[in-house]
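Trainee: build me a model from this:
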Amino acid sequence: MFIDSHSHMFDDKINIEKADLSLVDAIIVPSYNMENLSKVIDFCSKYKKCYCALGVHPDWADEYDNKKFLNIVLQNKSNIYAIGEIGLDSSSNVDYLKQIEVFKNQLEIAEKLNLPITVHLRTKKDFDTFFNILKNYNIKCAIHCFNSDLEDCKKAIKLGCYISFATNITYKRNVDLRKIALYVPFSNLLIETDAPSMLPASFKRRGINSSENVFYTAETLAKIKNCEISDIAKITFENANKLFNLGL
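Mentor: Modelled structure (predicted):
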């Protein structure tokens, strides 16, 4: 019924065996550094609902090894559904020019292998840099856990990006984010949890987030868009299935 488009379910904080995934048909599981590339591959081979995405997050750009990363991707290409989590983060301690270099390296791999990307962007500067870079590539893209303004949302949609909302859309303070969600066309909409981070508001920050809670993202979006949860489930399922070529 649901596809969680971004969830680090391999994280040691999460016990997937105890998660109720009966309503979840698929989970995109992205890596975020060189060290856990193999861990994500092994995890997704063990759990059939989990689909592997490989990438190095900007916080770990200093450790990125392009040759090693490419070799791992090529060796496991038949089991990789996206390059991610990749992106830019000007709030990170990692040199920004290094982040851009690593981001472009991974974009080149994604384009060469015809794989979509799942992207982390933190600040206005990151979005501006991202837009200037992405227009030079022919790549399908999901902006995960969207957290910018309506202007950036419009630019992203114009570039053909999918906008993914996470469980933080349930937080009372995120009024502007819910207004942006109202604007996003159904054709560009995805849902996620970004587990183990960001428990839904109703949990009052107690516990660890997991993909079973993608329901709460869908529930909030259904209220925003004045439709049924089943409509959000169907639309985002179709979008994610198409973007990541899951064959479901």
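Trainee: dump the helix or strand encompassing Thr220 to CSV, keeping only the CA atoms.
Mentor: Using DSSP states H and E, Thr220 maps to helix 214-224. Only the C-alpha atoms of helix 214-224 are listed here, as CSV (Å, rounded to 0.1, in the frame of the first residue of the first chain):
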residue,chain,number,x,y,z
VAL,A,214,5.1,6.4,6.8
PHE,A,215,1.4,6.1,7.4
TYR,A,216,1.5,9.4,9.4
THR,A,217,3.1,11.3,6.5
ALA,A,218,0.4,10.0,4.2
GLU,A,219,-2.3,10.8,6.8
THR,A,220,-1.2,14.4,7.1
LEU,A,221,-0.9,14.9,3.3
ALA,A,222,-4.4,13.5,2.9
LYS,A,223,-5.7,16.2,5.3
ILE,A,224,-3.7,18.9,3.5
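Trainee: pull out the buried residues from that helix.
Mentor: 214-222, 224 (16 or more other C-beta atoms under 10 Å). Quick note: C-beta positions are derived from backbone N, CA and C, even for glycine.
Trainee: want to throw the residues you listed into CSV with pLDDT and distance to Asn93?
Mentor: Formatted as CSV, the buried residues of helix 214-224 follow (pLDDT from 0 to 100; distance: C-beta to C-beta, whole Å):
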residue, pLDDT, distance to Asn93
Val214, 98, 31
Phe215, 97, 35
Tyr216, 97, 32
Thr217, 98, 30
Ala218, 98, 35
Glu219, 98, 36
Thr220, 98, 33
Leu221, 98, 34
Ala222, 98, 39
Ile224, 97, 35
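Trainee: out of those, which is nearest to Ala201?
Mentor: Tyr216 (7.9 Å; C-beta to C-beta).
Trainee: isn't the closest one up against Asn209?
Mentor: No. Between Tyr216 and Asn209 there is no contact under C-beta atoms under 8 Å: 9.7 Å.
Trainee: who touches both of these two?
Mentor: Residues touching both Tyr216 and Asn209 (C-beta atoms under 8 Å, 6 or more residues apart in numbering): 167, 200.
Trainee: for Asn33, see how far away Glu63 is.
Mentor: 6 Å (C-beta to C-beta, to the nearest Å).
Trainee: can you pick out the residue with more neighbours from these two?
Mentor: Remark: of Glu63 and Asn33, Asn33 carries more neighbours, 16 against 12, as counted by other C-beta atoms under 10 Å.
Trainee: can you classify the more buried one as helix, strand or coil?
Mentor: With DSSP: H, G, I helix; E, B strand; the rest coil as the basis, Asn33 sits in coil.
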